[in-house]
Each structure stands twice: as C-alpha cells, then as structure tokens.
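[1] Give me the fold of what follows.
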Amino acid sequence: MPRRLPIAVALAATAALALSACGTTHENSGQGGSSAGQAPANCKGPSGHYLIGMSQANNAEPYREQMNKDIQNAAKAIPQFEVKISDAAADDSKQVSDVENFLTQQIDLLIISPNEATPLTAVVKKAYDKGIPVLVLDRKVDGDAYTEFIGGDNVDIGRQAGEHMKKLFPNGAKIAEIRGLAGSTPAKERQDGFAKGIEGGNIDIVATVDGDWLRDKGQAQAEAVIQAHPEIQAIYSQNDPMGEGAYLALKAAGKEKTVKVTGIDGLPIPSGGIKSVEQGRLAATFVYPTGGKEAIAAAKTLLIDCKTVPKTQTLPTQLVTKDNAADVYAKANS
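    I've put the predicted structure just below:
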C-alpha cells in the first residue's frame, strides 16, 4: 500500500507546485525572512513610510546613470517611498561602506548593483540576515542571500551576440573581444555565452582585453589591439560605451568602415546604443534593461502589498540592427 502524506504536507506541496508554475522567467527559491515565499516582517502596508537605499556600483557608467533615473522616476509614483542613492565609484570597499551606512540609517529595503560579486557578498548577506529585503540588480553576488535578483540573462545575451557574429561572417573571421570589469558577473557570463554562440563558426578571437565597462578604456584597449592585430574584422564589446570607444579607435586608424563593432545595453536615449546603431557607429547591440522600474515594483510588492516576489526576475533582450533601430527606439520612448 502506498504511503499517504499528511494533509498539511500535501497542501504545502500543492502550494509549492502552484508557485513554481507562475511565469516562465521567474524562479521561486531562497531562504530568510525576506525571501520568496514569505513577506518581510517590516511590511506596514499603504500607511507606512519606507526608506530605500540604492547602492550603485559606478555612476560614471551611462547604463548606471540611466538605472538611477529609472529608479527615481518609478519611485515618484509611490508617495510612501523615499529613495537614497549612493555611488561607489567602482570601489568595492566604498560600496561595502555605503551599504553599512544604509544599515545604520535603518533602511526598509536595499537595492544594490554590485561593483564586483565576491567583495560585496558578505555585506549583502548581513543586510539580508537582518530581515531587510535585498533586491540585486544587473550584477550578482555569490550565494543566494538576497530576496530577488533582477536582470538580463547575460549568458544568453552573449550567446545571441556570438550567433549574430556568425551570421555577419558566414565564412569565419578574426575578431577581438573587449570585456567589462573582470570581477563582475556579467563580464564572465557574456564571455561564456559568446564562446558558446560562435561555436562551429570559424570565428577566431585573436585578442581579449578588459575595458572595465568604460568608454575611454575601451578606446585605449582597442587602439592597442588594432596595432597588434590589424587583420581583425570585428570587435565584440560587452557594453556599448566600450564599443563606442572602439569605434573611435577604428576611425582614427581609418578602419571604421571595414571593422564591425557589436555592443550590449541598447539604452533608448540619445547617447545610447540604439542611436549608435541607427547612426552607423555600432553594427548591432542587444537591449539590456536597467531593471530600475522593476525594482521599485518589487519593493512595492514587498513593503506596501505585503506579498512575496520570485527569487529571480529575468528581463527580456532584443537584437538591434540598422534595420530595426529606429523602430525599437520609438517604441521604447512611446
């Protein structure tokens, strides 16, 4: 005779299955007082006032500047929210200090986009273990001591970039890769995904350099690569600003018409990657949403609605080429 589960256990299992079936881009897992499956203890509902600390990795990056704006604009619609933003200026120790400072201010929720994963893991866990909901944006920390990760699938974006490179060069090509900050998770994931995407395509990566997500450094690194490898036919840049820097280096060398540059971010702003594709500086980019408005929506769910959020929220991407750039830009700003 089969063993019967107690009614309470059976009901719990049914509820767990129901939760796991909600949506294809979410994963419900985790632990702690503010994890998926349990609303935060400090939820006071619509009558409360909530202090949110946003710890930014580096305001000097256009993508992060836009992320801050998206957070601030979304929060304006929620009168219960007060958002304070700190800038780590690409300094891990300063970002740790920024989060510690937020904790002394007794924030109700932490949003963080880590500069690098490992150095920020302990302080994020400290906040999480205090029962403070933690929303991690764009870049991850080690382990799972956070409430929700919100960001794109960087491995998949890298893979798509690699597959697009194969379409650009069906007979193969010699290319260079400009990576972001080495200790940040998107840099490794976009590199790993790209390597998968170019498999079988006779795409030879003759140089890999680090641009730290910055336009100026991307330009300097591209200048060195062009001198060392004048035969390259394309550059895969892990973000648009480094790609713009690479374009400037190519233009100075008289190669901007013959070497194709692919980026990632696709910000729908005049200085962003979509316009760069439309205007011909980048051959392609991939939209990578900042997650700012989604973070505020999650904060509202946790603090005002007193409901749970999934452990992972994966944001969509889109390939932008010369053919669709104007339309993608118009739709993003409609």
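[2] How much space separates the most centrally placed residue in the chain from A57?
    Centroid-nearest residue in the chain, with C-alpha atoms, centre = their mean: D138, separated by 2.5 Å. D138 sits 8 Å away from A57, going by C-beta to C-beta, to the nearest Å. From N, CA and C alone the C-beta is placed, and that goes for glycine too.
[3] Return every residue with contacts to both of the two.
    Listed as contacting both D138 and A57 by C-beta atoms under 8 Å, 6 or more residues apart in numbering are S113.
[4] just to revisit the earlier point, now the residue nearest to the centre of the chain, what are its backbone angles?
    Note on D138: backbone dihedrals following degrees, to the nearest 10 are phi 70, psi -60.
[5] For it, list the residues it contacts.
    By C-beta under 8 Å, 6+ apart, the contact set of D138 is 67, 113, 150-152, 186, 290-291.
[6] can you pull out the helices in the protein?
    Using DSSP state H, the helices of the chain run over 7-20, 62-76, 92-104, 117-129, 154-168, 185-197, 215-228, 240-252, 273-278, 292-303, 325-332.
[7] Tell me which of those lies nearest to A145.
    Nearest to A145, of all the helices of the chain, is helix 117-129, at 3.8 Å by C-beta to C-beta.
[8] for the closest one, which positions count as buried?
    117, 119-121, 123-128 (16 or more other C-beta atoms under 10 Å).
[9] Name the residues that touch that helix?
    Counting by C-beta under 8 Å, 6+ apart, 32, 34, 92-93, 95-96, 99-100, 102-103, 110, 112, 114, 134, 136, 139-143, 145-147, 183-185 sit against helix 117-129.
[10] Next, the angle helix 185-197 makes with that helix.
    Orientation of helix 117-129 against helix 185-197 (axes from the mean of the first three to the mean of the last three C-alpha atoms, to 10 degrees) gives an angle of 120 degrees.
[11] average pLDDT across helix 117-129?
    The average of the pLDDT scores along helix 117-129 is 97.
[12] Likewise for stretch 309-324?
    For stretch 309-324, mean pLDDT rounds to 97.
[13] coming back round to it: of the contacts of D138, which is the nearest to M242?
    Using C-beta to C-beta, the contacts of D138 come closest to M242 at P186, 12.3 Å.
[14] from memory that closest one sits against L137, does it?
    No. Between P186 and L137 there is no contact under C-beta atoms under 8 Å: 11.2 Å.
[15] Low-confidence stretches in this protein?
    For the chain, the stretches with pLDDT under 70 are 1-42.
[16] Of the buried residues of helix 117-129, which is the nearest to G197?
    For those, the closest approach to G197 (C-beta to C-beta) belongs to A117, at 22.9 Å.
[17] Please report how far the closest one lies from V309.
    21 Å.
[18] Report the buried members of the contacts of D138.
    Counted by 16+ other C-beta under 10 Å, these give 67, 113, 150-152, 186, 290-291 as buried.
[19] Would you format the residues you listed as CSV with distance to P241 included?
    Converted to CSV, those look like this (distance: C-beta to C-beta, whole Å):
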residue, distance to P241
M67, 14
S113, 16
I150, 22
G151, 18
G152, 17
P186, 14
T290, 14
G291, 18
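[20] Tell me the one among those residues nearest to D265.
    After measuring those against D265 - C-beta to C-beta - the closest member comes out as T290, at 9.0 Å.
[21] For the closest one, which non-adjacent residue is closest in space?
    M67 (3.8 Å; C-beta to C-beta, 6 or more residues apart in numbering).
[22] Report the contact partners of the one you found.
    For M67, the contact set (C-beta under 8 Å, 6+ apart) comprises 56, 113, 137-138, 290-292.
[23] burial count for G200?
    G200 has 7 neighbouring residues, counting by other C-beta atoms under 10 Å.
[24] burial measure for the nearest residue to it once chain neighbours are set aside, as a count.
    Spatially, and ignoring its direct neighbours in sequence, G200 is nearest to K166 (7.8 Å; C-beta to C-beta, 6+ apart). Here the number of neighbours of K166 (other C-beta under 10 Å) works out to 17.
[25] neighbours around the nearest residue to E189 once chain neighbours are set aside, how many?
    Nearest residue to E189 in three dimensions, chain neighbours excluded: N154, at 3.6 Å (C-beta to C-beta, 6+ apart). Using other C-beta under 10 Å, N154 has 27 neighbouring residues.
[26] same deal with H49?
    As a burial measure, H49 scores 11 neighbours (other C-beta under 10 Å).
[27] What residues does it make contact with?
    Applying C-beta under 8 Å, 6+ apart, the residues near H49 are 80, 82.
[28] let's have the chain start at 434 instead
    Sure, I'll start numbering at 434, so the last one becomes H482.
[29] quick one: it from G724, how far?
    Counting by C-beta to C-beta - H482 and G724 are separated by 24 Å.
[30] Repeat that for A765.
    To G724, A765 is 15 Å away according to C-beta to C-beta.
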